[in-house]
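Student: What would the 3D arrangement of this be:
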Amino acid sequence: MIAGQEISSTPLPRGVRRVLDAMRANVGRDWRLADLAGIAGVSGRTLQRQFLAFVGKTPRAVLREIGFETARRELLQGAPGVKVMDVALRCGFPHCGRFSIAFRRRYGETPSQTLKRQAVVTAALGAMPSLFVSAQDRPAVAFGPIEAAVENLAVAADIADELLTALTRAGVSVVTRSGAARYHLAGAVRGSGAQAHLSIRLIETETGRQLWAHRSEGIQRDETATVEHLAVRIAAALQPCLRLAEIEHALRKPATCLGAHDLALRALPGVISLDANGNARALELLGRAMDRDPDQPLAIALAAWAHVQRVVYHFTQESQQERARSLELALRARAMCNDATVLAVLGNALTLLREFDAADLVTRKALAMDGGSAWAWSRSGWIDVYKGDPQSAIERFKIALDLAPHDPLAFNSMVGIGCAYFTAGQYAEGAHWQERGLAEHPSASWVHRTLCPSYVLAGQGSQARRSLGALRQHYPDLTVSEVQRGMPPLPPSQCDLVVGALQEAGLPA
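Tutor: Predicted structure coming up:
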């Protein structure tokens with residue numbers, strides 16, 4: 001979440017809010033404290049005190065945060081011909097070198113790396129065939145023309161057309177009448193020239209409750225290719241919220257009204273939690289879903305993934321039976337699924353089953369349908385890790401994080417980046433990213449299987465002992481042999497490194 005969004009959700013004095021609005025509307029301006037105090041209608045000292053009390057930062061620090069987040073949004077939009085120096089200047093950073101250093105410290109990569117990665121996404125979008133699937137079991141969203149003044153009508157129409165395509169590819173059934181849909185997507189272009197911006201809101205039709213909002217700056221700078229890119233990013237950012245809303249809707253339904261798809265939606269959080277309790281709850285629900293409809297694709301694909309999770313994350317001692325059941329379900333799902341989300345889920349199962357060619361095929365098909373699928377980009381990253389291509393893996397994981405940074409599975413992309421750095425021999429960096437993923441999802445204690453070895457190989461003994469202690473606390477009977485049986489399909493040389501480091505750290509044989 002960007003700094004401006006965090007701040008705006010907090011009750012603030014009117015003067016502070018006016019200043020924040022002015023900062024956001026004039027990113028890059030070299031504001032003096034006296035100018036900001038004049039907007040607030042208070043003295044400079046009072047404004048400083050109010051910002052510290054209500055925002056927790058000085059006006060100058062907030063202005064810097066807004067500048068960084070605006071710069072990163074521009075780089076992520078990847079407009080053709082954009083230059084890092086121009087972005088830095090527009091966002092209030094006159095010294096490009098210092099900006100790059102501070103940007104890397106803040107986001108873990110240089111501005112040019114962020115910008116370069118967008119070319120990968122743009123190329124993927126350009127290669128996507130026109131694949132569309134039926135509307136069965138899809139969430140319905142009402143979406144009409146984007147509101148705009150006369151000068152912005154053309155760009156608003158272009159964005160609306162591309163967004164309609166992106167939403168359809170993402171598995172959303174788009175209708176024109178709000179009464180025919182559970183959700184309503186409202187858009188507007190405000191401002192003029194370089195200050196023109198797009199606002200999108202997702203609203204629950206029945207209650208009028210706003211579920212999600214998005215804002216894109218500088219849309220008049222966008223060319224056709226970038227409008228498509230922008231639309232895909234909006235659809236990708238929308239997906240986690242829409243998925244959560246659909247799960248909440250299924251949870252509110254009376255038990256007597258639940259269909260197979262509703263039960264699959266109820267199971268979804270447990271499957272993507274990647275922990276033992278969630279896995280057990282999910283399999284019970286998925287069993288009921290498949291009893292109700294043996295051909296429900298999402299339920300079958302989720303069950304295939306959930307069963308092999310039990311092996312890889314040490315939730316069971318019956319490894320052979322669980323793998324066999326997972327493979328049976330995966331083959332059934334592959335024969336019937338034609339939806340980007342289901343394909344991405346199936347890619348997860350097939351990867352953990354070591355069916356790499358099949359996993360790669362269904363993941364590529366998911367991206368062909370929906371180039372904004374963060375799940376599919378993340379899964380393609382894991383496939384690259386297992387094939388021994390860490391640099392490609394890191395790029396794909398970062399694309400997934402760029403597209404949907406607040407998705408429940410974002411933590412797994414962070415763990416994936418850590419494992420990619422591990423396979424590249426950069427053990428300290430690998431530990432850093434795995435720690436980030438674990439901080440986002442503390443119950444994923446299986447991460448310590450590779451986090452502990454990362455610390456061992458980086459020569460960080462105390463951190464390795466702490467990590468091993470956390471692993472044994474959650475898996476008190478775990479042995480090196482058991483780790484080997486459940487080990488994700490890393491290249492053999494990397495598996496040997498993991499096993500050797502765990503033995504060195506003190507895990508029993």
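Student: make it CA atoms for all contacts and neighbour counts henceforth
Tutor: OK.
Student: wait, residue 57 sits on residue 51?
Tutor: Yes - contact criterion C-alpha atoms under 8 Å: residue 57 and residue 51 qualify, at 6.0 Å.
Student: higher neighbour count, the two?
Tutor: Shown here are residue 57 and residue 51; by other C-alpha atoms under 10 Å, residue 51 has more neighbours (22 against 15).
Student: Now do the contacts for that one.
Tutor: Contact analysis of residue 51 by C-alpha atoms under 8 Å, 6 or more residues apart in numbering lists 16, 57-59.
Student: residue ranges for the helices of the stretch 1-150 of the chain, please.
Tutor: Taking DSSP state H, counting those that start in this stretch as the criterion, the stretch 1-150 of the chain carries its helices at 3-8, 14-25, 33-40, 44-54, 59-77, 84-90, 96-107, 111-126.
Student: how about low-confidence regions in the chain?
Tutor: Residues of the chain that meet the criterion pLDDT under 70 lie in 1-10, 77-80, 119-137, 218, 220-225.
Student: how does it divide into domains?
Tutor: When the chain is parsed with automatic domain parsing, its domains come out as 3-126, 140-235, 253-371, 389-509.
Student: Can you get me the start-to-end distance on stretch 212-227?
Tutor: Terminal residues of stretch 212-227 are spaced 20 Å apart (C-alpha to C-alpha, to the nearest Å).
Student: right, and out of the contacts of residue 51, which lies closest to residue 438?
Tutor: Among the contacts of residue 51, residue 57 lies closest to residue 438 (C-alpha to C-alpha), at 27.7 Å.
Student: Pull the contacting residues for the closest one.
Tutor: By C-alpha under 8 Å, 6+ apart, the contact list for residue 57 reads residue 51.
Student: how about it, phi and psi?
Tutor: Here is the backbone geometry of residue 57 (degrees, to the nearest 10): phi -140, psi 160.
Student: want to try a markdown table for the domains of the chain, with distance to residue 379 as columns?
Tutor: Listed next are those as a markdown table, based on distance: least, C-alpha to C-alpha, whole Å:
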| stretch | distance to residue 379 |
| --- | --- |
| domain 3-126 | 15 |
| domain 140-235 | 16 |
| domain 253-371 | 6 |
| domain 389-509 | 8 |
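Student: To residue 245, which of those domains lies closest?
Tutor: Closest approach to residue 245 among those is made by domain 140-235 (8.0 Å; C-alpha to C-alpha).
Student: Between the two ends of the closest one, what distance do you get?
Tutor: With C-alpha to C-alpha as the measure, domain 140-235 spans 14 Å from end to end.
Student: before we move on, the earlier item: filter the contacts of residue 51 to the buried ones?
Tutor: For those, a neighbour count by 16 or more other C-alpha atoms under 10 Å gives the buried set as 16, 58-59.
Student: still on that earlier bit, could you dump the helices of the stretch 1-150 of the chain to a markdown table with distance to residue 465?
Tutor: Converted to a markdown table, the helices of the stretch 1-150 of the chain look like this (distance: least, C-alpha to C-alpha, whole Å):
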| stretch | distance to residue 465 |
| --- | --- |
| helix 3-8 | 36 |
| helix 14-25 | 46 |
| helix 33-40 | 50 |
| helix 44-54 | 40 |
| helix 59-77 | 37 |
| helix 84-90 | 42 |
| helix 96-107 | 28 |
| helix 111-126 | 34 |
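Student: most packed of these?
Tutor: Highest mean neighbour count among these (mean count of other C-alpha atoms under 10 Å): helix 59-77, with a mean of 21.
Student: Residue 274 - that's part of a strand, no?
Tutor: No - assessed with DSSP: H, G, I helix; E, B strand; the rest coil, residue 274 is coil; it does not lie in a strand.
Student: just how off-centre is the longest helix seen in the chain within its chain?
Tutor: Using DSSP state H to define each element, the chain has its longest helix at helix 224-252. On the basis of C-alpha atoms, centre = their mean, to the nearest Å, helix 224-252 sits 11 Å off its chain's mean C-alpha point.
Student: If you count neighbours, what's buried in it?
Tutor: Neighbour-count burial for helix 224-252, counted by 16+ other C-alpha under 10 Å, picks out 226-247, 250.
Student: How many residues are close by residue 496?
Tutor: Residues lying near residue 496 (other C-alpha under 10 Å) number 13.
Student: quick one: contacts of whichever strand or helix holds it?
Tutor: Applying DSSP states H and E as the criterion places residue 496 in helix 492-505. With contact meaning C-alpha under 8 Å, 6+ apart, helix 492-505 is reached by 423, 449-450, 452-453, 456-457, 464-465, 468, 480, 483-484, 487, 509.
Student: just stretch 453-468 next, same as before
Tutor: With contact meaning C-alpha under 8 Å, 6+ apart, stretch 453-468 is reached by 422, 427-428, 430-431, 448-449, 451-452, 497-498, 501-502, 504-507.
Student: if you set the cut-off to 10 Å instead, what comes out?
Tutor: 418-419, 421-423, 425-432, 434-435, 445, 447-452, 469-471, 473, 497-507 (C-alpha atoms under 10 Å, 6 or more residues apart in numbering).
Student: List buried residues within these.
Tutor: Neighbour-count burial within those applies to 418-419, 421-423, 425-432, 434-435, 445, 447-452, 469-471, 497-502, 505, 507; the criterion is 16+ other C-alpha under 10 Å.
Student: Mind checking which of the residues you listed land in helices?
Tutor: When those are checked against helices (DSSP H), the matches are 418-419, 421-423, 427-432, 434-435, 448-452, 469-471, 497-502, 505.
Student: what separates the closest residue to residue 471 other than its chain neighbours from residue 61, distance-wise?
Tutor: In space, and not counting its chain neighbours, residue 471 is closest to residue 448: 5.6 Å by C-alpha to C-alpha, 6 or more residues apart in numbering. To residue 61, residue 448 is 36 Å away according to C-alpha to C-alpha.
Student: what does residue 435 give?
Tutor: Taken as C-alpha to C-alpha, the span from residue 435 to residue 61 is 27 Å.
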